[in-house]
Every structure is written in structure tokens, then in C-alpha cells.
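Trainee: For reference, the sequence and a predicted model appear below.
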Amino acid sequence: MSRVQLPAVTPKRKAWNKGRIIGQKRPLLPKQVWAIRARLELSGNLRDLALFNVAIDSKLRGCDLVKLTVTDLVKDDRVRERVSVIQSKTKRPVQFELSENTRETVLTWVRNPEMLACLFMFPSRFHDRPHISTRQYGRLVRDWVTAIGLEPSGYGTHSLRRTKAAEIYRKTGNLRAVQLLLGHTKVDSTVRYLGVELEDALSIAERIDI
């Protein structure tokens, strides 16, 4: 008599996103940027202040931000006003500007004794790692937004990437400019990233001659 083979039963796993707010992370508002910046300045945390300022100005993904080297930003003891790096995701170059305030914080940081002989701009405080990891960066962002009273589940590393881009779009409506600054290959990627309404996006795109 043949046996009936029953299908294997696999135990149900708890969904990784259960209880979490999932979706696009919000950009920071200008007043929130200044609140975080002020806290970091008062605490004298030079590395984190430089990291925060460069994150806002560069609009880089976390994986590219944490791998920035000193020579990417500094040449002949001067901080570059404009920087070009190759993106890990697209393998394409992207350029960004560094504001005067950011350049000052970067220069102060690289002249700090902690940075002696360091290759990377944001070295890890763990001796087995040459620079902070994207996970460490995410934890720092969580600490920063929590410190100014924001709900951390609504923000993440992409919040810093989106902050200046969202402000540029809000003030100019220029999707093409934001696309270039974010290093997107297609404008519809920028539309989705900023959460721009389709009709609004199309009307803006019609006015932009590439």
C-alpha cells in the first residue's frame, strides 16, 4: 500500500517590516537641518558635523558617502568647491557643490589629530574598519533626527539625500537640474524619488528643452 506524501509545512516567519513604517523617507525641512547642525556644533562632534553637512550638500547615496576619501574633497590643503565621484550603483559620475559652511567644517575635521594618516573622510571608530559602514551611518541619522524630536521611523539616510534636492525642486520646479544633481539616468526616476505628481512633472518636463 503506497503512502500519501503530504506537502512540507514551513513555519511562518514574522514579516521583517511588521510594526515598521515602510515607504519613502521624508526629506528634512530647512529648520530641521539647522536644528541638527546646531546640536552637532554644540557637542563638538567634528566628524559627525562634517558627515551631516557633506551628506546634505552632496546628495549622495549612503554607500557612496561613507567611501569618500580625503583627496576626493581636499586638494593642496583646500576643500574643493565642486566634487565629482563615480556612483557605485550606476558607475556613472555625479558632481556636487560644497557650500562655504560645509567646506569650513570639512577643513576643521581633516586638520583634527584624529584624521592623521586617514585615507577616508569618515573613518570608523572600530579598528577593523577603514570607514564607517552604511549601517553605522543609518544609526547616526536615527540619532540625529531623534535628538530634535522627530519620529525616527519616518526618516533615514535617503532623507539626507533628498533634502537639498527637494528644496531645489520646491524653489525652481526644475526637474532636469534635480535629475543631474541626484545622478539619475532617467527623469522618471527623479519624479518617483521626489514624489512629484505626474501631471505636474509632465508640465514641467514640457518646458525643459534638453
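Mentor: Structure's in. What do you need? Numbers count the residues shown, from 1 in each chain.
Trainee: got the residue ranges for the helices in this structure?
Mentor: In the chain, the helices defined using DSSP state H lie at 30-43, 46-58, 62-65, 70-73, 100-110, 134-147, 157-172, 175-182, 187-194, 198-206.
Trainee: Now tell me what touches the first one from outside.
Mentor: Counting contacts by CB atoms under 8 Å, 6 or more residues apart in numbering, the residues outside helix 30-43 that touch it are 28, 48-49, 52-53, 56, 144-145, 147-148, 150, 163, 167. For the C-beta atoms, the positions are set from N, CA and C on the backbone; glycine is no exception.
Trainee: Go through that helix and flag the buried ones.
Mentor: For helix 30-43, burial by neighbour count (16 or more other CB atoms under 10 Å) applies to 32, 33, 35, 36, 37, 39, 40.
Trainee: Same list (those residues) but as CSV, adding pLDDT and distance to residue 187.
Mentor: Below are the buried residues of helix 30-43 laid out as CSV (pLDDT from 0 to 100; distance: CB to CB, whole Å):
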residue, pLDDT, distance to residue 187
32, 96, 27
33, 96, 26
35, 97, 32
36, 97, 30
37, 97, 31
39, 96, 36
40, 97, 34
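Trainee: Any chance of CSV for the residues you listed, columns distance to residue 117?
Mentor: Formatted as CSV, these follow (distance: CB to CB, whole Å):
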residue, distance to residue 117
32, 35
33, 32
35, 34
36, 29
37, 28
39, 29
40, 25
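Trainee: Check these and tell me the two furthest apart.
Mentor: Farthest pair in the buried residues of helix 30-43 (CB to CB) is 32 and 40. Separation: 12.8 Å.
Trainee: For residue 49, which non-adjacent residue is closest in space?
Mentor: Spatial nearest neighbour of residue 49, excluding adjacent residues (CB to CB, 6 or more residues apart in numbering): residue 40 at 4.1 Å.
Trainee: Distance-wise, check that neighbour relative to residue 85.
Mentor: The gap separating residue 40 from residue 85 is 23 Å, by CB to CB, to the nearest Å.
Trainee: Need the residue closest to the centroid of the chain.
Mentor: Centroid-nearest residue in the chain: residue 161, 3.6 Å away (criterion: CA atoms, centre = their mean).
Trainee: quick one: that one from residue 94, how far?
Mentor: From residue 161 across to residue 94, the span is 11 Å (CB to CB).
Trainee: Please enumerate the shared neighbours of these two.
Mentor: 60, 182.
Trainee: Worst mean pLDDT across the helices and strands of the protein, which element?
Mentor: Using mean pLDDT, DSSP states H and E, helix 198-206 stands out as the lowest-scoring helix or strand of the chain, at a mean of 61.
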